[in-house]
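>>> Kindly generate the corresponding structure for this input.
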Amino acid sequence: MSVAVVLLTTALVTVVAVLAGAGAGKLARMDGATYPTALTRAATAFAAVITLAAALTTALTALLA
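Sure, this is the predicted structure:
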């Protein structure tokens with residue numbers, strides 16, 4: 001049961017990160033940014049979501065342990 005919860009949570013975080021990156025890239029292109037700039041902004045948003053999820057997991061692990 002625990003492994004299933006971890007896998008589903010990982011999949012959900014990945015999907016949210018991909019959607020945030022795609023949204024950031026689309027908004028950058030709509031704002032007139034070049035493709036490399038839009039890709040950089042999308043990658044930054046993706047990395048920020050993954051980093052936030054890792055920080056939240058670390059904090060919750062410290063609280064619950």
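>>> Could you check how many residues crowd around residue 15?
Look at residue 15: counted by other C-beta atoms under 10 Å, it has 10 neighbours. In this view, the C-beta of every residue, glycine as well, is placed from N, C-alpha and C.
>>> residue ranges with poor pLDDT in the chain?
Low-confidence regions of the chain, defined here as pLDDT under 70, cover residues 1.
>>> What ranges does it have for its helices?
2-30, 35-64 (DSSP state H).
>>> tell me what the longest one is packed against?
For helix 35-64, the helices and strands in contact under the criterion 3 or more C-beta pairs under 8 Å, 6 or more residues apart in numbering; DSSP states H and E are helix 2-30.
>>> in the helix it packs on, what counts as buried?
For helix 2-30, the buried set under the neighbour-count rule, 16 or more other C-beta atoms under 10 Å, comprises 13, 17, 20-21, 24-25, 28-29.
>>> Give me the distance between residue 22 and residue 16.
11 Å (C-beta to C-beta, to the nearest Å).
>>> wait, I meant residue 46
Separation of residue 46 from residue 16 (C-beta to C-beta) stands at 10 Å.
>>> Over to residue 56?
12 Å.
>>> Same check on residue 28?
If you measure residue 28 against residue 16 using C-beta to C-beta, the figure is 19 Å.
>>> same check, this time on residue 43
Counting by C-beta to C-beta, the gap from residue 43 to residue 16 is 15 Å.
>>> same question, residue 48
From residue 48 across to residue 16, the span is 11 Å (C-beta to C-beta).
>>> again, but for residue 34
For residue 34, the distance to residue 16 equals 26 Å [C-beta to C-beta].
>>> what do you get for residue 41?
17 Å.
>>> same thing with residue 52?
With distances taken as C-beta to C-beta, residue 52 is found 10 Å from residue 16.
>>> okay, now residue 49: neighbour count?
The number of residues packed near residue 49 is 19, by other C-beta under 10 Å.
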